[in-house]
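> what's the 3D shape of this:
(2 chains)
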Number of protein chains: 2
Amino acid sequence: MDHNVPGADAGTLHRLGERARAAARRLARASSAEKDAALHHGAVALEEQAAAILGANERDLARASDAGASATVVDRLRLDERRVAAMADGLRAVAALGDPVGEIADGWVRPNGLRVRRVRVPLGVVGIVYENRPNVTSDAAGLCLKSGNAALLRGSGGALESNRAIAGALRTGVEKAGLPADAVVLVEDVRRETVAEFVRLRGLIDLLVPRGGPGLVSLVVEEATVPFVIDGDGNCHVYVDAAADLEMAERIVVNAKTQRPGVCNAAETLLVHEAVADRFLPRVAEALAGVELVGDEAARRLVPTMGKATEEDFAREFLALRLAVAVVPDLDAAIAHVTRYSTGHSEAIVTRDLEAAGRFTREVDAAAVLVNASTRFVDGGELGLGAEIGISTQKLHARGPMGLHALTCLKYVIDGDGQVRT
Amino acid sequence: MDHNVPGADAGTLHRLGERARAAARRLARASSAEKDAALHHGAVALEEQAAAILGANERDLARASDAGASATVVDRLRLDERRVAAMADGLRAVAALGDPVGEIADGWVRPNGLRVRRVRVPLGVVGIVYENRPNVTSDAAGLCLKSGNAALLRGSGGALESNRAIAGALRTGVEKAGLPADAVVLVEDVRRETVAEFVRLRGLIDLLVPRGGPGLVSLVVEEATVPFVIDGDGNCHVYVDAAADLEMAERIVVNAKTQRPGVCNAAETLLVHEAVADRFLPRVAEALAGVELVGDEAARRLVPTMGKATEEDFAREFLALRLAVAVVPDLDAAIAHVTRYSTGHSEAIVTRDLEAAGRFTREVDAAAVLVNASTRFVDGGELGLGAEIGISTQKLHARGPMGLHALTCLKYVIDGDGQVRT
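I've put the predicted structure just below:
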């Protein structure tokens, strides 16, 4: 498992996957107490090995700096004592969550006496492909462990030394709890082409969660043969209805756009009903000082400083202090706009009208629809899932924030007393 | 939509997908009453148009016969009045099921007052690729309709005339209920290469259910860019434990193997604990008269007429009156054998021992595990799901028999009164 082994090949990757698979079989039978002990030991190991982890991180940072990495990249990569402590606390928080494994989702008895129940079980091996954020190593491994899955982690080359140090600490913790260290397996072959091999480890990876940009997502969609859940873009809309409380609408728009503009649940487009546009747009434009506004003709007539929005502006996720604005004649037009441009992440309406709220929530097709609340709440922590492995923008398996349950599936257990089919 | 249009291309397929997509938006808002009316009108239309459907089927049969199709293929293709009536009854039975759409899966209130609920909604467009069984046209469309989805159906060339007549009747029924006829769209371009295009209609198909053999499954795994659920092989095992009631075990093995050998939930391998092998194997071999048995050495010592099983025999789904047999030293070996060869479909243990039953159900990784019951029960109808669109052998989204719920997903609906994130 050396760094950048020349000639490291699909065979090596396959063997790592098999090690994770073998560990997964043991983890599936682990008690909640064993898994929680592993998380607590892992947290202690992160703290005890903090100096080594920070040393490894320094070397990654030095390489990034030599390579002329941007400030954003360096910031994502950088660890400090506080961030290591946050990883350890994160593991303890996951340990404190309820164990989804063994839950009985439902059950019933058939007329012939067969007793049917559906029991929640781990998926097996969860593969994560991610970029320069070393904390993902710990956060993702923690969620996998709690849900009884082995984590097969493929981080970036830029964070390799940090990831290796973190994964090493977690493996120590897992072993201390009497579980196999291969519950956490880091792929250290960080060549680009390994990602394409990784997403084709069919039979070894039960769920792939790609955490990266559009390039990674399209590689997964095109090349993956393993099951995956896409954590995609959020081109989120806030629609301010004719019946909106405009003070509330202003607060929600400002929060959804500016509270953390670089994340997927931030708002990218503001739609305003024409009946309130003249009163709302000038005031929200003022409240959004520092945000670049680009709008359609009607919006620009009301806020002359606004730039002109192109088709592209409505279609994209800015992830920046930029907001597209359009005035719509009615609720139907608002829903039609959202239907056309939404990426299916989070969509909000601000209204006091019950019918408008009902139609918007029913007719907009997205992972989450909100009435009179900021899109920024669509997040595992904010919704009470405890922690999240990502936010799914697909419909199958998991939609919206993915907590521990998204790392499990249901198994039919059927008890009989000799029934045969006639 | 002519048959075999020369030069029919991805553009045509795309337009069909867009028609289904547009219909899906309307269907998502349809009431249960509207959808049930469409199913009932569809049933009546099938009955009223039975003569035309049987005429179309005659032409398909004549073509199949000219092409020298096997008796099995011809039997699957053949419709008669009874089979048409069964399709109509199937639609009425689906109408009688509960509507999954609008169900609230769960809900809670956050400390900040946000009210969160998860509501069951249709997926949108369900694509089905299937072979020469014209009844699938009606059965699949009925399940899609009930669950608020549009069905985009790509049947085989061999059944084209039958499928067109059936889809036409269903479209008439849907229109009579005031819903868009494009709730049921049949792809009439039956060239082989269209399947590869079909599975790449990303953005137009929300769920693909391939219903066919290993060739179709591997095409989907390799080529699909749309989300899919695999309805795969069932290499199902029955393990007769040391503590089994041997009379019950005999009944279950015979049923699992012979009641309908050509289906995925039929047993393919019998594992017998060595402590009971000498008593059980000779009697079950006698009870399985007419079934070709192939076994390992220990099994053949006890039943000398048994052929020799190869590695391949344990790995494959015979779908025929053939059964592989192995004697195992203990429960661990039985579980290890199943773990090695199982396709994750249905696995059964026969035992009176609580601990053995518990370990088998927990440690065997399959869609369904059964204790003291035939594997043949793993079926949507038998388990009480009402009807099924297939049996998933994958873990994501749906595992095991897929009823109406598998054609839906959950949407977060979040109600606030002005909450913003701090």
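> Can you give me the pLDDT of the residue in the stretch 151-300 of chain A that chain B sits nearest to?
For the stretch 151-300 of chain A, the residue closest to chain B is A:Asn255, as judged by Cβ to the nearest Cβ, at 3.6 Å. All C-beta spots, glycine's among them, are computed from the backbone N, C-alpha and C. On pLDDT, A:Asn255 comes in at 98.
> what's the neighbour count on it?
Taking other Cβ atoms under 10 Å in any protein chain shown as the neighbour definition, A:Asn255 ends up with a count of 23.
> Was I right to think it contacts B:Val420?
Yes - in this structure A:Asn255 lies within contact range of B:Val420 using Cβ atoms under 8 Å: 3.6 Å.
> tell me, what's touching those two both at once?
Common neighbours of A:Asn255 and B:Val420 (criterion: Cβ atoms under 8 Å, 6 or more residues apart in numbering or on different chains): A:374, A:376.
> mind listing what the residue of the stretch 151-300 of chain A closest to chain B touches?
With contacts taken as Cβ under 8 Å, 6+ apart, A:Asn255 has the following neighbours: A:374, A:376, B:420-421.
> What strand or helix carries it?
Using DSSP states H and E, A:Asn255 sits within helix A:246-258.
> Mind checking if whichever helix or strand comes after that helix is in reach of chain B?
Per DSSP H and E, the first helix or strand lying C-terminal to helix A:246-258 is strand A:267-273. No - with Cβ under 8 Å from any Cβ of the partner chain as the threshold, strand A:267-273 lies outside contact range of chain B, at a closest distance of 11.5 Å.
> what does the stretch 101-250 of chain A have sitting close to chain B?
Applying the criterion Cβ under 8 Å from any Cβ, the portion of the stretch 101-250 of chain A that neighbours chain B consists of A:108, A:110, A:114, A:116, A:121, A:123-124, A:202, A:206-207, A:221-222, A:225, A:227, A:229, A:245, A:248.
> Just the buried residues of those.
Restricting these to buried positions leaves A:110, A:114, A:116, A:121, A:123-124, A:206-207, A:221, A:225, A:227, A:229, A:245, A:248, with burial counted as 16 or more other Cβ atoms under 10 Å in any protein chain shown.
> Among these, which one lies nearest to B:Gly381?
Lowest distance from B:Gly381 to those (Cβ to Cβ) belongs to A:Arg110, with 10.5 Å.
> Identify the residue nearest that closest one in space, chain neighbours excluded?
By the measure of Cβ to Cβ, 6 or more residues apart in numbering or on different chains, the closest residue to A:Arg110 outside its immediate chain neighbours is B:Gly384, 5.8 Å from it.
> Check A:Asp106 too.
The shortest distance from A:Asp106 to any residue that is not its chain neighbour, by Cβ to Cβ, 6+ apart, is 5.6 Å, and that residue is A:Arg118.
> Repeat that for A:Lys411.
Nearest in space to A:Lys411, with sequence neighbours left out and distances taken as Cβ to Cβ, 6+ apart, is A:Val121 at 4.8 Å.
> ok so that neighbour is a strand residue?
Yes - membership of A:Val121 in a strand is supported by DSSP: H, G, I helix; E, B strand; the rest coil.
> can you pull the contacts of the residue nearest to A:Asp106?
Under the contact definition (Cβ under 8 Å, 6+ apart), the residues listed for A:Arg118 are A:104-107, A:410-413.
> Quickly list what it is bridged to.
When assigned by DSSP bridges, A:Arg118 has beta-bridge partners A:Asp106, A:Tyr412.
> before we move on, what about A:Val369?
Here A:Val369 sits in beta bridges with A:Glu347, B:Val413, as judged by DSSP bridges.
> so it makes contact with B:Gly416?
No - under the criterion of Cβ under 8 Å, A:Val369 is not in contact with B:Gly416, lying 11.6 Å apart.
> gap between A:Gln394 and chain B?
A:Gln394 sits 6 Å away from chain B, going by Cβ to the nearest Cβ, to the nearest Å.
> Repeat that for A:Val74.
Computed as Cβ to the nearest Cβ, the A:Val74 to chain B distance reads 27 Å.
> Give me the secondary structure label for that residue.
A:Val74 carries the three-state label helix when classified by three-state DSSP.
> Out of the contacts of A:Asn255, which two sit at the greatest distance?
Of all pairs drawn from the contacts of A:Asn255, the widest gap by Cβ to Cβ lies between A:Arg376 and B:Val420 and measures 7.4 Å.
> which neighbours do the two share?
Residues touching both A:Arg376 and B:Val420 by Cβ under 8 Å, 6+ apart: A:255-256, A:259.
> quick check, distance from the helix holding A:Asn255 to the centre of its chain.
Helix A:246-258 sits 24 Å away from the centroid of its parent chain (Cα atoms, centre = their mean, to the nearest Å).
> pLDDT score for the closest residue to A:Asn265 other than its chain neighbours?
With Cβ to Cβ, 6+ apart as the criterion, A:Asn265 has its nearest non-adjacent residue at 4.6 Å, and that residue is A:Val378. As predicted, A:Val378 sits at a pLDDT of 97.
> ok, now which ones touch A:Val378?
Listed by Cβ under 8 Å, 6+ apart, the contact partners of A:Val378 are A:265, A:345-346, A:367-368, A:370, A:391, A:400-401, B:412, B:414.
> List the residue ranges of chain A that fall below the pLDDT cut-off.
A:1-10 (pLDDT under 70).
> Quick check: longest helix in it by residues?
Secondary structure of chain A read by DSSP state H shows that its longest helix is helix A:10-28.
> which residues are in contact with the next helix-or-strand element following it?
On the C-terminal side of helix A:10-28, the nearest following helix or strand under DSSP H and E is helix A:32-48. Defining contact as Cβ under 8 Å, 6+ apart, one finds that helix A:32-48 is touched by A:27, A:30, A:53, A:84-85, A:87-89, A:91-92, A:94-95, A:99, A:101, A:138, A:141-142, A:145-146, A:148, A:166, A:169-170, A:172-174, A:176-179, A:183.
> quick one: the longest helix of chain A to chain centroid distance?
The offset between the C-alpha centroid of helix A:10-28 and the centroid of the whole chain comes to 24 Å, using Cα atoms, centre = their mean.
> For it, name the packing helices and strands.
strand A:115-122, strand A:125-130, strand A:150-154, strand A:184-186, helix A:193-198, helix B:354-363 (3 or more Cβ pairs under 8 Å, 6 or more residues apart in numbering or on different chains; DSSP states H and E).
> what angle sits between that helix and helix B:354-363?
Computed with axes from the mean of the first three to the mean of the last three Cα atoms, to 10 degrees, the direction of helix A:10-28 lies at 140 degrees from that of helix B:354-363.
> Leaving aside the residues adjacent along the chain, what's closest to A:Thr393?
Closest residue in space to A:Thr393, ignoring its immediate chain neighbours: A:Gly232 at 3.7 Å, by Cβ to Cβ, 6+ apart.
> Tell me, how many residues neighbour A:Leu319?
Neighbouring residues of A:Leu319 were enumerated by other Cβ under 10 Å; the total is 15.
> residue contacts, it?
A:261-263, A:266.
> As TSV, those residues with distance to B:Ala69 and neighbour count would be great.
Below are the contacts of A:Leu319 laid out as TSV (distance: Cβ to Cβ, whole Å; neighbours: other Cβ atoms under 10 Å in any protein chain shown):
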residue	distance to B:Ala69	neighbour count
A:Pro261	62	17
A:Gly262	60	10
A:Val263	57	14
A:Ala266	58	25
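> Which single one of those is nearest to B:Tyr341?
Using Cβ to Cβ, A:Val263 is the member of the contacts of A:Leu319 that sits closest to B:Tyr341, with 45.5 Å.
> In contact with that closest one, which residues?
In this structure, A:Val263 makes contact with A:234, A:319, A:376, judged by Cβ under 8 Å, 6+ apart.
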